[in-house]
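Trainee: Predicted model, plus sequence, below.
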Amino acid sequence: MRNMATHSFRQVLLLQLLLWPAVAGAFQGAPAAADPRVGKRVLVIRHGAPLRTPDATVSSAWLGEIFTVSLVNGEWLWIQEKGGWLWEQETVLYDGAIEELAKRVTTSPTAENYHLRGVALLAHKEYRKAIADFNESLRKSPKNAGALNNRGKAHYLLGGYPAAIADFTQALAIEPTNVLYLNNRALAYIETAQFSLALSDLQSALKLVPDFAEALNNRGIVHQRLQKTDAAVADFTAALKLNPKYVDALGNRAFAYRRSGAYQNAVADLEQAVKISPLTYEATNDLAWLLATCPDERYRQPERALQLAKAACEMTQYQQWNTLDTLAAALAESGQFAEASKWAATAVEKAPEKERVRLQGHLEQIVAGKQIRE
């Protein structure tokens with residue numbers, strides 16, 4: 001999510017069973033604290049992989065979902081954020097995923113293996129290479145709805161929204177009740193300002209799965225784009241009731257509150273988001289922006305805004321244009337206009353074309369010795 005002045009809502013794009021093995025005592029004994037897998041990220045390579053406790057299945061994973069391992073017990077990996085054990089054989093290590101799955105393609109160039117390597121490439125943001133693998137997978141197995149969905153995601157992330165819509169639509173023709181595909185097509189419709197179609201897809205998904213938190217979040221985005229702030233807040237709140245640690249929904253609700261002038265609520269949501277996810281830059285950046293630029297002086301905190309803005313820049317190695325824009329705004333709010341001008345100019349240079357006019361406006365304000373108010 002970009003800084004709150006040009007907020008790009010956190011939209012959730014979703015990727016696409018082995019039987020529970022008879023493993024007596026699989027959860028007995030203390031996990032090995034020194035196991036080298038602890039702290040590593042893993043990539044799920046089987047859609048619907050269950051996450052279990054000894055008593056129940058507590059969740060399932062999407063193909064391509066990435067988790068950090070908290071504990072290990074034999075072949076079982078504890079995923080703290082899901083509160084369940086994941087079977088190691090349904091994952092590969094994230095860092096070596098492309099190489100591992102490339103070996104499988106070389107040994108057995110099946111549609112499934114091309115699809116899996118495409119998923120790994122997608123996870124590593126090598127979108128064009130992922131599309132090539134999905135193309136080969138679909139050449140071998142044209143009716144693979146999961147590969148169509150994932151190719152659609154790659155197109156979406158490259159900004160090719162019509163191609164993404166076409167892929168999601170093909171996937172839905174094969175699996176018309178798949179809520180993940182409905183959700184994903186809705187996001188592509190949002191990007192092309194086809195809000196009625198997006199709303200229709202999200203309503204269909206929620207009719208099938210009423211407790212689909214991601215679809216509630218994304219429906220809130222549609223309502224916000226349609227200037228229906230109360231409905232947007234209601235959807236974000238409903239998503240948070242299902243998942244109180246849903247950081248994206250907190251950020252989106254904060255933006256909706258800000259747009260309606262409910263700054264105290266906006267600050268509270270962003271504070272909570274930072275508390276839940278202190279090592280990711282988005283919430284930190286958004287809170288810094290609000291504390292630096294809020295039109296209501298009661299909520300501006302120049303010193304803390306600057307501290308948070310610097311933290312967000314450090315998290316992104318001073319390469320993210322919107323965190324640099326936030327840093328410039330925070331410096332200007334602190335009266336450091338010369339330094340602010342430098343970072344505002346850098347933000348303009350790094351920003352995508354569609355953002356440069358607005359950021360140039362920020363730069364001109366700062367050069368004129370004015371703080372940013374948005």
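Mentor: Perfect, thanks for sending it. Numbers count the residues shown, from 1 in each chain.
Trainee: only C-alpha atoms for contact and neighbour calcs from this point on.
Mentor: OK.
Trainee: Next, Ala49: phi, psi?
Mentor: phi -60, psi 120 (degrees, to the nearest 10).
Trainee: So what's the residue count around it?
Mentor: 22 (other Cα atoms under 10 Å).
Trainee: Go ahead and confirm it touches Gly64.
Mentor: No - assessed by Cα atoms under 8 Å, Ala49 is found out of contact with Gly64, at 10.7 Å.
Trainee: Show me the shaky parts of this structure.
Mentor: Applying pLDDT under 70 to the chain flags the ranges 1-33.
Trainee: now with 50?
Mentor: 1-9, 17-32 (pLDDT under 50).
Trainee: That one - how does it break down into domains?
Mentor: 96-209, 280-374 (automatic domain parsing).
Trainee: end-to-end on the last one?
Mentor: To tie it back to what came earlier, the one meant is domain 280-374. Its start and end residues considered, domain 280-374 measures 24 Å (Cα to Cα, to the nearest Å).
Trainee: now it: how far from the chain's centre is it?
Mentor: 22 Å (Cα atoms, centre = their mean, to the nearest Å).
Trainee: hmm, who's touching the helix or strand hosting Leu324?
Mentor: Element membership for Leu324, per DSSP states H and E: helix 321-333. Contacts with helix 321-333, where a contact means Cα atoms under 8 Å, 6 or more residues apart in numbering, come from 2-3, 285, 288-289, 292-293, 302, 305-306, 309-310, 312-313, 316, 318, 337, 339-344, 346-348, 350-351, 359, 366, 369-372.
Trainee: Alpha carbons of the one helix or strand Phe255 maps to, as CSV, please.
Mentor: Secondary structure from DSSP H and E places Phe255 in helix 247-259. Taking Å, rounded to 0.1, in the frame of the first residue of the first chain, the C-alpha atoms of helix 247-259 are listed here in CSV:
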residue,chain,number,x,y,z
VAL,A,247,-2.9,-6.0,8.3
ASP,A,248,-4.1,-5.1,4.8
ALA,A,249,-7.7,-4.6,6.1
LEU,A,250,-6.4,-2.4,8.9
GLY,A,251,-4.5,-0.3,6.4
ASN,A,252,-7.5,0.0,4.1
ARG,A,253,-9.9,0.8,6.9
ALA,A,254,-7.4,3.5,8.1
PHE,A,255,-7.5,5.1,4.7
ALA,A,256,-11.3,5.0,4.7
TYR,A,257,-11.3,6.7,8.1
ARG,A,258,-8.9,9.3,7.0
ARG,A,259,-11.0,10.1,3.9
